[in-house]
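S.K.: No sequence on hand, only this structure:
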């Protein structure tokens with residue numbers, strides 16, 4: 001029993017001669033073919049003498065043309081040393097599985113993982129005849145190949161998902177950094193409370209300055225720093241906030257009765273727990289509406305935003321831009337853009353800006369307008385524009401947010417024969433492509449897709465496809481030549 005266990009430690013058959021020694025050639029061929037997607041029989045010179053496929057779909061990639069060629073000729077240049085190493089080490093103890101790539105006619109590569117086994121023949125003759133046969137026998141090697149295309153596709157999807165997650169992670173980190181900065185430099189006292197226990201979780205420097213050292217104690221609550229009458233109102237406000245998610249600001253007074261503040265509260269969830277965001281603004285400042293510091297912070301955020309931001313007059317002449325726009329337009333300073341028309345860098349000159357301004361005059365806002373941005377040095381970037389018209393105030397203006405969409409991750413490469421999925425996507429072409437071109441290209445694409453579908457359904461039978469489409473065969477041949485589909489046949493060939 002111990003010997004039988006020891007024999008199976010290396011994962012090999014213990015008594016192959018008992019079950020496999022009398023297999024005929026046909027059974028052995030079927031057994032070998034079923035063991036892999038591709039099986040090659042290679043002689044001692046590296047020439048492929050025979051081959052079999054577990055999946056006939058591989059024949060469409062030109063694998064059937066390998067017969068009679070050397071194995072190294074069928075693989076890419078970087079895979080040739082691997083093939084030579086496998087043939088050299090086939091009978092050695094260090095023989096291992098290797099991946100090689102076969103070039104295909106369509107320019108892609110076919111990844112195959114091979115393991116090789118030397119093929120030995122049993123010599124039934126004895127004496128000098130056996131010695132002579134052994135000396136003249138040619139050595140053959142069997143290469144078992146495993147198709148790795150499905151694994152490669154999964155790996156590519158995994159890499160794409162990892163890159164997307166990494167971008168999302170860094171985007172969230174940047175957002176957190178920006179809002180952490182705003183939280184720290186805000187002139188208003190800002191508190192974050194646990195909505196379940198009303199326990200203080202975080203306070204900004206302005207809150208520490210307002211409430212003093214008391215706010216640093218773990219047992220501190222709003223009741224310690226507000227008057228009893230104000231605290232009663234605050235409790236009612238928080239209850240309304242829990243129930244409805246909304247509340248109106250109220251006027252509160254500190255416990256010492258010296259100053260009054262406008263208290264505003266909002267409810268948010270973080271890590272599946274509700275929290276209150278409490279802001280206290282001096283009453284005089286709130287009444288006058290002087291939020292200079294807050295507005296300055298907002299301007300700082302817009303200046304540092306990753307999306308380009310442009311403010312123009314009602315005719316599209318630039319008043320101010322942020323740094324992201326300067327980078328997109330490849331400009332060194334804001335002075336080079338100020339006073340220029342936005343159409344100098346935007347889409348088709350004289351078309352896109354006119355369409356945007358016309359829509360802003362009618363609707364006051366435009367969302368997700370697809371166009372492109374041109375840089376000073378010839379670069380072109382696909383962008384989406386959202387715009388708003390601000391007509392109130394001393395100086396009416398137009399605001400444009402320009403977002404770069406060229407680096408958005410797509411799960412699958414876009415097909416050149418993909419139809420627009422909605423009418424809105426087709427209307428996005430209006431103003432950039434003439435109507436007759438949109439109609440002609442869409443009609444041609446529909447015709448081509450219908451013809452290809454009919455040929456696929458009829459097994460490439462032109463006569464049946466013409467009947468299915470309601471066309472004469474001659475009309476079908478004309479359209480096949482027009483669209484470059486397959487090798488068109490004459491009418492006599494289709495019979």
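M.R.: Sure thing, it's come through. These numbers were taken from a predicted model, which means no experiment stands behind them.

S.K.: so where do the strands sit in the stretch 151-300 of the chain?
M.R.: Under the criterion DSSP state E, counting those that start in this stretch, strands of the stretch 151-300 of the chain are mapped to 189-194, 200-203, 250-253, 260-270, 273-282.

S.K.: Name the residues of the second one that are buried.
M.R.: Yep, that's strand 200-203 we're talking about. Buried residues in strand 200-203, counted by 16 or more other Cβ atoms under 10 Å: 200, 203. C-beta here means a position set from N, CA and C on the backbone, and glycine is covered the same way.

S.K.: Average pLDDT for that strand, rounded please.
M.R.: Here strand 200-203 scores 85 as its mean pLDDT.

S.K.: helices or strands next to that strand in the packing?
M.R.: Packing contacts for strand 200-203, counted by 3 or more Cβ pairs under 8 Å, 6 or more residues apart in numbering; DSSP states H and E, involve strand 189-194.

S.K.: other SSEs contacting the strand it packs on?
M.R.: strand 200-203, helix 205-211, strand 273-282.

S.K.: Need the contact partners of stretch 266-277.
M.R.: 190-196, 198, 201, 238, 241-242, 245, 265 (Cβ atoms under 8 Å, 6 or more residues apart in numbering).

S.K.: In PyMOL, select just the buried ones from those residues.
M.R.: Here is the PyMOL command that selects only those of those that count as buried (16+ other Cβ under 10 Å):
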select buried, resi 190+191+192+193+195+238+241+265
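
S.K.: Now do the contacts for residue 37.
M.R.: Taking Cβ under 8 Å, 6+ apart as the test, what residue 37 contacts is 53, 54, 55, 58, 112, 145, 146, 147.

S.K.: wouldn't the last one be in contact with residue 114 here?
M.R.: Yep, that's residue 147 we're talking about. No - the criterion here is Cβ atoms under 8 Å, and residue 147 misses it with residue 114 at 11.1 Å.

S.K.: So for these two, which residue has more residues nearby?
M.R.: residue 114 (22 against 19; other Cβ atoms under 10 Å).

S.K.: How about that one: which residues does it bridge to?
M.R.: residue 98, residue 145 (DSSP bridges).

S.K.: Residue 38 too?
M.R.: With DSSP bridges as the rule, residue 38 is bridged to residue 53, residue 145.

S.K.: Tell me, how many residues neighbour the residue nearest to residue 307 when sequence neighbours are not counted?
M.R.: Leaving out its chain neighbours, the residue that sits closest to residue 307 by Cβ to Cβ, 6 or more residues apart in numbering is residue 403, at 4.8 Å. Neighbour count of residue 403, defined by other Cβ under 10 Å: 16.

S.K.: In which helix or strand does residue 403 reside?
M.R.: strand 397-404 (DSSP states H and E).

S.K.: List the contacts of that strand.
M.R.: 307-314, 316, 319, 324-325, 328, 342, 356-357, 360, 373, 381-390.

S.K.: Each with direction, which strands does that strand pair with?
M.R.: Checking strand 397-404 against DSSP bridges gives partners strand 308-312 (antiparallel), strand 380-390 (antiparallel).

S.K.: Out of those, name the one with the poorest average pLDDT.
M.R.: strand 380-390 (a mean of 88).

S.K.: just to revisit the earlier point, including mean neighbour count and distance to residue 160, could the strands paired with strand 397-404 go into JSON lines?
M.R.: Output for those, formatted as JSON lines (neighbours: other Cβ atoms under 10 Å; distance: least, Cβ to Cβ, whole Å):
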{"stretch": "strand 308-312", "mean neighbour count": "21", "distance to residue 160": "26"}
{"stretch": "strand 380-390", "mean neighbour count": "17", "distance to residue 160": "19"}
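
S.K.: and these as CSV, adding distance to residue 70?
M.R.: Listed next are those as CSV, based on distance: least, Cβ to Cβ, whole Å:
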stretch, distance to residue 70
strand 308-312, 57
strand 380-390, 47
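
S.K.: Nearest to residue 64 among those strands would be which one?
M.R.: Smallest distance to residue 64 across the strands paired with strand 397-404 (Cβ to Cβ): 43.0 Å, for strand 380-390.

S.K.: Next, work out how far apart residue 305 and residue 323 are.
M.R.: Residue 305 sits 9 Å away from residue 323, going by Cβ to Cβ, to the nearest Å.

S.K.: before we move on, back to that, out of the strands of the stretch 151-300 of the chain, which comes closest to residue 180?
M.R.: That would be strand 200-203 among the strands of the stretch 151-300 of the chain, by Cβ to Cβ, at 10.3 Å.

S.K.: who does the closest one pair up with?
M.R.: Here, using DSSP bridges, strand 200-203 pairs with strand 189-194 (antiparallel).

S.K.: average model confidence for the strand it pairs with?
M.R.: pLDDT averaged over strand 189-194 gives 87.

S.K.: That one: how far from the chain's middle?
M.R.: Mean C-alpha position of strand 189-194 versus that of the full chain (Cα atoms, centre = their mean, to the nearest Å) differs by 37 Å.

S.K.: relative to strand 273-282, how tilted is that strand?
M.R.: On the basis of axes from the mean of the first three to the mean of the last three Cα atoms, to 10 degrees, strand 189-194 is oriented at 160 degrees to strand 273-282.

S.K.: Of all the residues in the helix or strand in which residue 455 is found, which ones are buried?
M.R.: Assigned by DSSP H and E, residue 455 belongs to helix 435-457. For helix 435-457, a neighbour-count test (16+ other Cβ under 10 Å) marks 438, 445, 448, 451, 452, 454, 455 as buried.

S.K.: Separate out the buried members of the contacts of residue 37.
M.R.: 53, 54, 58, 112, 145, 146, 147.

S.K.: how much space between residue 72 and residue 47?
M.R.: Taken as Cβ to Cβ, the span from residue 72 to residue 47 is 10 Å.

S.K.: what's the helix or strand hosting residue 141 in contact with?
M.R.: In this assignment (DSSP H and E), residue 141 forms part of strand 140-147. Applying Cβ under 8 Å, 6+ apart, the contact partners of strand 140-147 are 32, 35-44, 49, 55, 58, 71, 86-87, 90, 110-119.
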